[in-house]
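1. Quick check, what structure comes out for this input:
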Amino acid sequence: MSLIIAYVGKKGCVMASDKRKIGYFGDKANLDKLESELYGGSITDDEAFLSRAKELGISIKLTDDANKIKIIGNTIRGEVSTKGTFETRRRRIYGTTNGYQIVELLGSDTESRKAGKNGLIIFGNEYAKQLAETLIKRKWKASLSLRYMGEIFQEIVKEVASRTPTVGENVDVLTQQPNFNESEAQKHLNVTIDHDIKVLIKFRQDLTEKLVQQALDVNMAEKIINKGEVGRVASIDGNMLYVQLNSKTQAVDGNWKQLAAPGQNVLMFTESDNVKVGDKVIIENEDLCLKKDKSSLKCDIILCSL
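-> Predicted coordinates:
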């Protein structure tokens, strides 16, 4: 759901993009029908799009704050992406003076990489691209300054947005004008793109680790015991109690690392002087205490079920 227009040549690079993102949720068959109408051009504005989605039982979320173009060093990067079931497919253009490269990525794996020295490149769905190409033929000239090109690209994106909900009317425009010849441009692009993809790989690795940790947090949090018996007093040393965990209880720290398995002892503290070996330890109303008199106990561990 994007429209990116880029010019690359001896003057430098100018790139314009809308900021729209569309989220879908609903029956696949109806979703396919909605997308067919949307990309075919029969749905022409946001109101009609939302109305048709409602008829088909599809939930839609429209936002117009996505950053699809970005300056990286002496290069502008534009990206359109589509999320699949398991991976995100990305199509990127990196442009600078006298050179550009188009990179296709699946996840963080490079599927293709093509280079060129100059041109007018458009990313978007076929209907939006056709509209943009028609407008460019009418308004754009290679003799224009980068600044004026950017203004024209902005006008074109807004006009396309007025005719299809796949493009939003909020527009970003960026320019870069480093002093590169064709050979220098490609060398710079190679270094920039290689580093940028490494950043993406690291980001995906960090995200995966974060998601795994979140899943673990949810799983373990569900196991925290807030009611029932957890063990018995095994020995007493002043206000310190060693409590033997029962067969269904384990002790973990704040990072969910196991500190004591079922049957092992854990340290607890009491202010009561009426504790005997064999007393049952329970959790009642989320409070740790002795079963016989509800006297409070304290510990610095988390008690979880297996």
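
2. So what touches the host helix or strand of Leu31?
-> Using DSSP states H and E, Leu31 sits in helix 28-40. Helix 28-40 is contacted from outside by 24, 43, 49, 52-53, 56-58, 125-127, 164-166, using CB atoms under 8 Å, 6 or more residues apart in numbering. (Each C-beta comes from the backbone N, C-alpha and C, glycine too.)

3. and if we set it to 10 Å?
-> By CB atoms under 10 Å, 6 or more residues apart in numbering, the surrounding residues in contact with helix 28-40 are 1, 22, 24-27, 42-44, 48-49, 52-53, 55-58, 60, 125-128, 164-166.

4. Out of the residues you listed, which sit inside helices?
-> Those of the contacts of helix 28-40 mapping onto helices are 48-49, 52-53, 55, 126-128, per DSSP state H.

5. that older thread, please indicate which of the contacts of helix 28-40 are buried?
-> Burial by neighbour count, judged by 16 or more other CB atoms under 10 Å, picks out 1, 22, 43, 49, 52-53, 58, 60, 125, 127-128, 164-166 from these.

6. Which positions in whatever helix or strand Asp194 lives in come out as buried?
-> Using DSSP H and E, Asp194 sits in helix 182-221. Across helix 182-221, burial judged by 16+ other CB under 10 Å covers 184-186, 188-189, 192-193, 196-197.

7. and that helix, how far from the chain's centre?
-> 11 Å (CA atoms, centre = their mean, to the nearest Å).

8. Show me what it is packed against.
-> In terms of contacts (3 or more CB pairs under 10 Å, 6 or more residues apart in numbering; DSSP states H and E), helix 182-221 is packed against strand 69-72, strand 75-83, strand 88-96, strand 99-106, strand 109-116, strand 302-305.

9. Mind putting those strands into CSV with distance to Lys202 and mean pLDDT?
-> Converted to CSV, these look like this (distance: least, CB to CB, whole Å; pLDDT from 0 to 100):
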stretch, distance to Lys202, mean pLDDT
strand 69-72, 15, 96
strand 75-83, 17, 91
strand 88-96, 16, 93
strand 99-106, 14, 94
strand 109-116, 14, 92
strand 302-305, 31, 90
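
10. Ok, which of those strands comes nearest Asp206?
-> Among the helices and strands packed on helix 182-221, strand 88-96 comes nearest to Asp206, with 15.3 Å by CB to CB.

11. ok so, going back, and the helices and strands packed on helix 182-221 as JSON lines, adding mean neighbour count and distance to Glu37?
-> Converted to JSON lines, the helices and strands packed on helix 182-221 look like this (neighbours: other CB atoms under 10 Å; distance: least, CB to CB, whole Å):
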{"stretch": "strand 69-72", "mean neighbour count": "16", "distance to Glu37": "28"}
{"stretch": "strand 75-83", "mean neighbour count": "19", "distance to Glu37": "18"}
{"stretch": "strand 88-96", "mean neighbour count": "22", "distance to Glu37": "23"}
{"stretch": "strand 99-106", "mean neighbour count": "20", "distance to Glu37": "27"}
{"stretch": "strand 109-116", "mean neighbour count": "13", "distance to Glu37": "29"}
{"stretch": "strand 302-305", "mean neighbour count": "18", "distance to Glu37": "51"}
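
12. Include distance to Asn239 when you put those strands into JSON lines, please.
-> Formatted as JSON lines, these follow (distance: least, CB to CB, whole Å):
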{"stretch": "strand 69-72", "distance to Asn239": "60"}
{"stretch": "strand 75-83", "distance to Asn239": "57"}
{"stretch": "strand 88-96", "distance to Asn239": "56"}
{"stretch": "strand 99-106", "distance to Asn239": "61"}
{"stretch": "strand 109-116", "distance to Asn239": "59"}
{"stretch": "strand 302-305", "distance to Asn239": "19"}
